[in-house]
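>>> Predicted model, plus sequence, below.
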Amino acid sequence: MVEERPGSWFGFGFCGFGQAPGSDGRHQVHSPRLLCSWDRGGDICSVRASWSYTAFLSRAGRVQLSGSAGGALDGCRDLWASETLFVVLRDGRRPGAGAELQAWAPSSALRGEPLWAQTVTAETERKGGAGGETRAAPLPLLPCARAYVSPRTPLVQPLAPELRARRLELGTEHALLLDEAGQVYSWGAGRHGQLGHGTLEAELEPRLLEALQGLPMAVVAAGGWHSVCVSETGDIYIWGWNESGQLALPSRSLAEDRKTVSGEDGSEVKGTARAEDGAPVPFIAIQPFPALLDLPLGAGAVKASCGSRHTAVVTRLGELYTWGWGKYGQLGHSDTASWDRPCRVEYFVDNQLQVMAVSCGPWNTYVYAVEKEKS
């Protein structure tokens, strides 16, 4: 959910199924474009993108799907999207029945009955926040924070209660969990180093990320096969697969790919292949343990999100940096170049906009921004 400060959502990247309202039928958008058709008056408060469709949640609680999947639901509080499953937390269908967790097939157009539904009573919601009021853990964590939704069967996976989960992120083959103390756990497939334990071995159960132990984290994000954490002090740690430069480490594939890419205005842009001083650099294909990443000018990070092979970070100053695979314009730099170093998205700076939130789909990116306050 985004802050209450009025603003607008923007989208860029792959929209071959029409999942980005405002793309005017284009299959890809190379620079941020206002989601004007759906976000009148800053009505959207949350965006979750899968590969072929995107789900939008309004402040009034209405969910709308766009792309290969369509349909709408009212009375929604939270949402989570994947190609095989769309999950919403809704108001109960009967007065006083509590909230209801529903899982739908995206192809159902949200009609008929969900695949399954589970009532969430006030007693099972976590206590937290000022005054100890009840609040739900963000999906895909279930509100009780003792289980999570999986796109594969079984659809509900239990978590050990001693983990005290605060947030959970799912990659293509791995999961990251942030606990109440700011410690990070990972499990799943590890062949691309995405678990961060220094090996390529899989982990069947959540395992503490020892390299970050004692460093409280505020944000976790899982990409297709890479992972990102932001510490409470604004430091970025990143690990996993670097095939497209998504770790902001030197990538061989980008160095070897010298083809010309086209900008939206027809201009030609050359991809980067060397360090800024022109010297050759060692290439890194897999980073199996967390590496500290510095943004330009020492900017501190506050939020992060990952696509399949790209990464986006919001800084304390409200600037957006992106890097990694850019074939569909998902980096927002007005071209289709891929980058293995953090690059600021100049659109928001040029338009005096402060970025407040970012949400990456596999091949696209959505950003919430507000007008900068005049000093």
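Alright, I've got the coordinates. Numbers count the residues shown, from 1 in each chain.

>>> CA atoms for contacts and neighbours, from now on please.
Noted.

>>> okay, now the nearest residue to D294 once chain neighbours are set aside: neighbour count?
Distances taken as CA to CA, 6 or more residues apart in numbering put I236 closest to D294, at 7.1 Å, once the chain neighbours are dropped. I236 has 25 neighbours, counted by other CA atoms under 10 Å.

>>> Please list all residues in contact with I236.
For I236, the contacting residues are V228, C229, V230, L292, L293, D294, A301, by CA atoms under 8 Å, 6 or more residues apart in numbering.

>>> Name whatever forms a beta bridge with the residue positioned nearest the centre of the chain.
The residue lying closest to the centre of the chain (CA atoms, centre = their mean) is S305, at 3.6 Å. In this entry, S305 is beta-bridged to A312, by DSSP bridges.

>>> tell me the contacts of it?
Contacts of S305 by CA under 8 Å, 6+ apart are A221, A222, G223, V228, T311, A312, V313, V358, S359, C360.

>>> Now pLDDT and distance to A49 too, for those, in CSV please.
Supplementary listing: those in CSV, determined by pLDDT from 0 to 100; distance: CA to CA, whole Å:
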residue, pLDDT, distance to A49
A221, 98, 14
A222, 98, 14
G223, 98, 13
V228, 98, 18
T311, 98, 14
A312, 98, 14
V313, 98, 17
V358, 98, 11
S359, 97, 8
C360, 98, 7
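
>>> Restricted to strands, list those.
Mapping the contacts of S305 onto strands (DSSP state E) picks out A221, A222, V228, T311, A312, V313, V358, S359, C360.

>>> Who does the residue nearest to D294 form a beta bridge with?
Residues in a beta bridge with I236, per DSSP bridges, are V230, L293.

>>> Which per-residue confidence value corresponds to it?
pLDDT, I236: 98.

>>> now do the one 3 residues further on
If you check W239, the pLDDT there is 98.

>>> do the one 3 residues further on as well
Predicted confidence (pLDDT) for N242: 97.

>>> residues contacting it?
Taking CA under 8 Å, 6+ apart, one finds H226, A248, L249, S251, I284, A285, I286, Q287 in contact with N242.

>>> Would you check that F12 makes contact with S31?
Yes. Between F12 and S31 a contact is recorded at 5.7 Å, counting by CA atoms under 8 Å.

>>> which one of the two has more residues nearby?
Taking neighbours as other CA under 10 Å, F12 and S31 compare with F12 leading, 29 against 23.
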